[in-house]
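*Asks:* Sequence first, then the predicted structure, then my questions.
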Amino acid sequence: MSGKANLEDLPGPWGFPVVGSLFSMLKYKEKTLMQWAEDHYGDVYQIQMGSTPTLAIHGFEAFQEAFIQKASAFSGRKDSCVTDAARDNKGLFFKQYDNLWTKWRVFSRDSFKDIWQTIEDGIVTETEHLQESLSKLEGERDIKELVSMSMANVVMQTCFSRRYDTTDTKVADLIKMIYSDIRDQKFTLLFLVPWLSYIPSMSRFLSDAANNRKIIIKKMLAMADERRAENRCTSDFISSFDKAFPNPTTNEKEFLAILMEDFVFAGTSTTTAAFLWAVLFLMKNPETKNRMQQELDYVLKGCPFAVKAAITHKKHELHYTQAVIEESFRLRPIAPTSLFHYVTEDTSLMGYKVPKGMAVMPNIWSVHYDKKFWAPDPEVFRAERHLNQSGAFIKSGHVFPFGIGWRSCVGQRIAETEILADMVAVFHKFDVTIAASDANVDMAGDSGAILSPNQFKLKFVPRN
Ligand code: HEM
């Protein structure tokens, strides 16, 4: 193998002692990293994130080599005091790469396949509730909370085959608790600079996170028991678990609880943000919105259950609608630098030797904005770029908001179906306009744990 031998030989920016390049990474890190790649260091370089040496990966080729060709070397997750406190190396999201991860990943993937009918029915039910809520709205309103509850309920339907009312404070509190630790900046700081745990406020944060974990496990298992006690004939994640683990150990029960916590965490604000981005792009591009509505009217004409038809047998006729969603995914991937991966063995990438133990930051943004591939206008919203000459939707393979390879999003099919269903539910049924005061909303969005759109208000008028 050609290439440099040592970590020191990988190119990369100079970082401050102790914190490294952490401060340059606080907001819109995807753009900063891409600029550094283009201007100085190339597609593969290292940055110091706190005390963590991190490999930043850019461009389609490097992604393919790392996450497809060398998947076993690049599919790790870093262990840390804070993920240990919050997850105890259980679930999938922060789970280190080992046989247990494989076992639970395969179990989750297969369960979602087995219970797909329940998931699909759950999605349709939630769109009906969303439509009902939207038709009751008066004036111009921010719909984020409504969409978020609807997305959370799809996860609840998947796990427990039932929905929870917005007034159910028990579930609302559980969801709040699931998000509370990870939304705190102390979480990221401890992840990247573990020695901060010696500071009393940080060590308190860690013990609170561990306590929260125990409470969340208890609540999730209580909900599972409630659902079993109802003794309904069901097909959901709990029934899959009961079939696969007829006599579960305490450890396996805890694993189930933390997996479901991961689904709520990974499957609520992500889908909400991705859907709201698509809506916002349509508000900014009224001609695209009109063309999409014409397609919905034409393809779904005479279907008594338009949403159900759209996500099942009519999906492959909704070329333009799929292109709109794809273009929104491209321009605003909600996790532009994905999740940290971790190098599990000495390996190489694009000719550089990469040692075991580096963290990895996959910059999805760099592929979505690649000037060569998306020329001449990577910054412009243009759904047509995903259509061929006959108007058929074509996946380029260069849009992957869910990541690629072994560690890619296990909920991708659920998320894609939810977003398509909600697009149909909203734009087939309503004429939607953005409040005049939000017409110039900043499209850079809010660069927090995920990239979500800034707040905006909408008005919904039922269509004829
Ligand atoms: C638009 C919505 C969503 C987007 C853009 C998204 C994106 C992602 C990304 C980028 C990753 C990390 C991939 C990597 O490490 O390479 C991920 C992981 C994950 N996602 Fe999603 N996600 C979405 C919705 C969902 C939903 C609905 C669920 C579950 C119901 C879910 C569950 C997970 C889980 C469990 C993981 C960790 C997988 C593992 O490490 O094995 N996500 N997602």
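*Replies:* Thanks, I have the structure now. Numbers count the residues shown, from 1 in each chain.
*Asks:* drop to CA atoms for contacts and neighbour counts, all remaining ones
*Replies:* Fine.
*Asks:* ok and the residue in the stretch 51-200 of the chain nearest the ligand?
*Replies:* Evaluated by C-alpha to the nearest ligand atom, the stretch 51-200 of the chain has residue 93 as its residue closest to the ligand, separated by 3.8 Å.
*Asks:* give me the number of residues near that residue?
*Replies:* A count of nearby residues for residue 93, using other C-alpha atoms under 10 Å, gives 22.
*Asks:* mind listing the helices for the stretch 51-200 of the chain?
*Replies:* 60-63, 71-74, 81-87, 99-114, 116-136, 144-160, 169-183, 185-192, 200-229 (DSSP state H, counting those that start in this stretch).
*Asks:* The closest residue to residue 159 other than its chain neighbours and the ligand, how far apart?
*Replies:* Closest residue to residue 159 apart from its sequence neighbours, by C-alpha to C-alpha, 6 or more residues apart in numbering: residue 237 at 4.5 Å. Here the distance between residue 237 and the ligand works out to 11 Å (C-alpha to the nearest ligand atom, to the nearest Å).
*Asks:* re earlier: hang on, the residue of the stretch 51-200 of the chain closest to the ligand packs against residue 262?
*Replies:* Yes. Counting by C-alpha atoms under 8 Å, residue 93 touches residue 262, with 6.3 Å between them.
*Asks:* tally of neighbours for residue 36?
*Replies:* Other residues near residue 36 number 15, with proximity taken as other C-alpha under 10 Å.
*Asks:* Got the confidence number for it?
*Replies:* In this prediction, residue 36 carries a pLDDT score of 94.
*Asks:* Just the buried positions in the host helix or strand of it, please.
*Replies:* Secondary structure here is read from DSSP states H and E; on that basis residue 36 sits in helix 29-36. Neighbour counts over helix 29-36 (16 or more other C-alpha atoms under 10 Å) mark 29-31, 33-34 as buried.
*Asks:* Could you tell me the angle between the very next helix or strand once past that helix and helix 29-36?
*Replies:* Towards the C-terminus, the helix or strand next in line after helix 29-36, according to DSSP H and E, is strand 44-49. When axes from the mean of the first three to the mean of the last three C-alpha atoms, to 10 degrees is applied, the directions of strand 44-49 and helix 29-36 differ by 130 degrees.
*Asks:* any low-confidence regions in this protein?
*Replies:* 1-8, 15-20 (pLDDT under 70).
*Asks:* Give me every residue in it lying close to the ligand.
*Replies:* With the criterion set to C-alpha under 6 Å from any ligand atom, the chain comes near the ligand through 92-93, 105, 155, 262-263, 266-267, 270-271, 274, 334-335, 338-339, 401-404, 407-412, 414-415.
*Asks:* Any of the residues you listed buried? List them.
*Replies:* The neighbour count (16+ other C-alpha under 10 Å) marks 92-93, 105, 155, 262-263, 266-267, 270-271, 274, 334-335, 338-339, 401-404, 407-411, 414-415 as buried among the residues of the chain next to the ligand.
*Asks:* Of all the helices of the stretch 51-200 of the chain, which one is nearest residue 386?
*Replies:* Proximity to residue 386 (C-alpha to C-alpha) singles out helix 60-63 among these, at 17.3 Å.
*Asks:* Can you mark which positions in the closest one are buried?
*Replies:* Residues of helix 60-63 classed as buried: 60, 62-63 (neighbour count, 16+ other C-alpha under 10 Å).
*Asks:* quick one, phi/psi of residue 370?
*Replies:* Residue 370 has phi and psi values of phi -60, psi 120 when expressed as degrees, to the nearest 10.
*Asks:* ditto for residue 349
*Replies:* Its backbone dihedrals place residue 349 at phi -150, psi 130, with angles given as degrees, to the nearest 10.
*Asks:* hang on, isn't it packed against residue 63?
*Replies:* No. Counting by C-alpha under 8 Å, residue 63 is not a contact partner of residue 349; they are 9.5 Å apart.
*Asks:* Now for those two: what residues contact both?
*Replies:* Overlap between the contact sets of residue 349 and residue 63, as judged by C-alpha atoms under 8 Å, 6 or more residues apart in numbering, is nil.
*Asks:* mind checking how far residue 379 is from residue 27?
*Replies:* 19 Å (C-alpha to C-alpha, to the nearest Å).
*Asks:* Then residue 73?
*Replies:* In this view, residue 73 and residue 27 are 29 Å apart by C-alpha to C-alpha.
*Asks:* Neighbour count: these two, which is higher?
*Replies:* For residue 73 against residue 27, the residue with the higher neighbour count under other C-alpha under 10 Å is residue 73, and the figures read 20 against 14.
*Asks:* Kind regards, and thank you for your time.
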